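Student: make a model of this:
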Amino acid sequence: MTVDVSKLPSGLTVVTDTMPHLETAALGVWTGVGGRDEKPDEHGISHLLEHMAFKGTAKRTSREIAEEIEAVGGDLNAGTSTETTAYYARVLRADVPLALDVLSDILANPTFVPDELEREKSVIVQEIGASQDTPDDVVFEYLNELCYPEQPIGRSLLGTAKTLKAFNREKLQGYLHTHYRGPEMVIAAAGAVDHARVVEEVSHRFASFDSTPAPKPQPAMFGAGGSKVVHRDLEQAHLTLALEGVPQRDPSLFSLQVFTNILGGGMSSRLFQEVREKRGLCYAIYTFHAPYTDTGFFGLYTGTDPADAPEMMEVIVDVINDAVDTLTEAEISRAKAQMKAGLLMAMESCSSRAEQLARHILSHGRPLTVEELVGKIEAVTIDSTRDAARALLSRGRPAVVALGSGRGLDTAVGFAEGLTQSRAKSSYH
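Tutor: Okay, here's the model as predicted:
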C-alpha cells in the first residue's frame with residue numbers, strides 16, 4: 001500500500017492509498033462539518049443537507065444520480081456525524097472518474113428543488129419517529145444532552161420536526177456555502193487508484209470550492225454530571241453512564257481505549273463476565289470511548305429487568321472501581337491484541353482505509369501510518385492504563401440516564417454516584 005497526499009490551492013486535501021491487487025476503489029468526500037457546527041435555528045441541517053445531496057443537481061435528476069453509479073455496478077452513500085459529513089462511492093477501477101464527477105456534482109451543483117426538499121423533510125420526520133420508538137437510541141439522546149447541556153454537540157443529529165419545517169432552499173445553500181470550504185474538505189480514495197489521476201480529476205471538478213476556512217464550532221464543555229430517569233412502559237430498563245473522556249490527540253488516548261476494552265470491549269471483558277456470565281443480569285453490556293476534537297466521551301450501556309436495575313448498577317460501579325487497581329498484564333495484552341487485530345483487519349478493506357485516511361487528515365493534519373498506530377498501541381503499559389483510568393474517574397461526576405418503568409430505576413441511578421473517585425483519586429494523587 002502506498003499513501004500519497006496533495007494539497008490543492010483551495011486548501012482541499014487529496015489523499016490516496018494505492019492497493020495494486022484490487023480491481024475496485026472506495027473514494028469519497030469528507031468534510032469537517034457536522035451536528036456540532038449548527039446554530040440553534042440550524043439544528044438538523046447537516047443531516048438534511050446530506051440527504052438532499054442525492055436529490056438532484058443542475059446536471060442530473062435524483063434518478064439519474066442513482067442510475068449512473070448503479071449502471072457501472074457501483075454504489076453511492078453518505079453519513080453525518082457530530083464532527084464530519086461524508087459522501088462516498090465504491091466502483092470498479094475504470095469508473096473512478098465517474099464517481100468523482102458525481103460526488104463533485106452533488107456538492108457543487110445541488111438544486112434543492114422545493115418539492116424534493118419537502119419530501120425529504122417528511123422522510124426525516126419519520127426517521128425521528130423511528131428513533132423515538134427505539135429505546136437504546138432514546139436513552140443515548142438523553143445522555144448526550146446531560147453530558148453537553150445547551151450545546152450543539154449534545155443535540156440529536158436528526159433535528160426536530162419544528163426545526164426541519166423552517167429549512168428552505170436558501171437556508172441549505174447558505175449552510176453549504178459557509179461550511180463546505182476547501183480547507184475543511186478531504187478527498188480520500190483507496191484501492192485501484194492512481195494518485196496523479198485522482199488529483200487531476202479533483203483539481204478540475206472541485207475547483208469551485210472557496211479557499212477561505214469555515215468558521216469553527218464553539219468549544220465543547222462536558223457537563224457537571226448528574227442523573228435523569230425517564231419513565232416509559234418498557235420490558236427492559238435501559239441504563240447508560242458517561243464520564244468525560246479525552247480528545248483525539250490526547251497522549252493517553254490509547255491507554256484509555258485499552259482500559260475501555262478491558263471493562264466492556266468483548267466477551268472476555270470484566271463487565272460481560274461479571275454481569276452476564278456470572279449473574280445473568282443482562283443480554284448486552286458494553287463500554288466505548290468516543291474522542292472528539294476537543295473533548296471525549298466514555299460511555300456504558302446495558303439493558304436489564306427493571307427489578308434488577310439497582311443490582312446491575314451497583315455491580316457496574318464496583319467492577320469499574322475495582323478494575324482501576326487490579327488490572328493485570330494478561331488483560332492489557334488481550335486488549336492490545338484486540339485493538340491491533342481490529343486495526344489490521346480494517347486495513348484489508350479499501351472502504352475502511354479511505355475513511356481512516358480522511359479522518360486522520362481532519363483530526364491530525366496528516367495520515368498516520370499503520371506502523372505508527374501499532375506503535376502507539378504497543379506503547380501502552382499497565383501503569384499508563386492505570387493512570388488513564390484514574391484520570392477518567394477523577395475528572396468529575398458521572399452522567400447517568402435510566403429509561404424504563406419501575407421504582408428500581410431511581411435506586412439504580414443513585415448507586416451510580418458511587419462511581420465518584422474518592423479511592424481512585426487518592427491513588428492518582
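
Student: from the chain's centroid, how far away is stretch 50-63?
Tutor: Put simply, stretch 50-63 sits 25 Å off its chain's centre (Cα atoms, centre = their mean, to the nearest Å).

Student: give me the buried positions along that stretch.
Tutor: Applying a neighbour-count criterion of 16 or more other Cβ atoms under 10 Å, the buried positions in stretch 50-63 are 50-57, 60, 62. From N, CA and C alone the C-beta is placed, and that goes for glycine too.

Student: pull the most distant pair out of the residues you listed.
Tutor: Put simply, by Cβ to Cβ the two of those set farthest apart are 50 and 60, 17.1 Å from each other.

Student: just the element for the residue nearest to residue 189 when sequence neighbours are not counted, please.
Tutor: Nearest-residue entry for residue 189: residue 27, 3.7 Å, with adjacent residues in sequence omitted and distances by Cβ to Cβ, 6 or more residues apart in numbering. Here residue 27 is covered by strand 24-31, with elements defined by DSSP states H and E.

Student: the next helix or strand after that strand to strand 24-31, inter-axis angle?
Tutor: Tracing the chain C-terminally past strand 24-31 and defining elements by DSSP H and E, one meets helix 45-52 next. Inter-element angle recorded for helix 45-52 and strand 24-31: 140 degrees (by axes from the mean of the first three to the mean of the last three Cα atoms, to 10 degrees).

Student: next secondary structure after helix 45-52?
Tutor: helix 62-71.

Student: in that following helix, what counts as buried?
Tutor: 62, 65, 68-69.

Student: repeat for stretch 323-334
Tutor: Neighbour-count burial for stretch 323-334, counted by 16+ other Cβ under 10 Å, picks out 323-324, 327, 331-332, 334.

Student: make TSV from those and add secondary structure and distance to residue 357 to it.
Tutor: Written out in TSV, the entries for these read as follows (DSSP: H, G, I helix; E, B strand; the rest coil; distance: Cβ to Cβ, whole Å):
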residue	secondary structure	distance to residue 357
323	helix	34
324	helix	35
327	coil	33
331	helix	31
332	helix	29
334	helix	28
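
Student: tell me the one among those nearest to residue 218.
Tutor: The shortest distance between residue 218 and any of the buried residues of stretch 323-334, using Cβ to Cβ, involves residue 324 and amounts to 32.8 Å.

Student: now the closest one: how far from residue 299?
Tutor: Per Cβ to Cβ, to the nearest Å, residue 324 is found 18 Å from residue 299.

Student: just residue 199 next, same as before
Tutor: Distance, residue 199 to residue 299, using Cβ to Cβ: 39 Å.

Student: so these two - more neighbours on which side?
Tutor: Neighbours around residue 199 and residue 299, counted as other Cβ atoms under 10 Å, are more numerous at residue 299. The numbers are 21 against 18.
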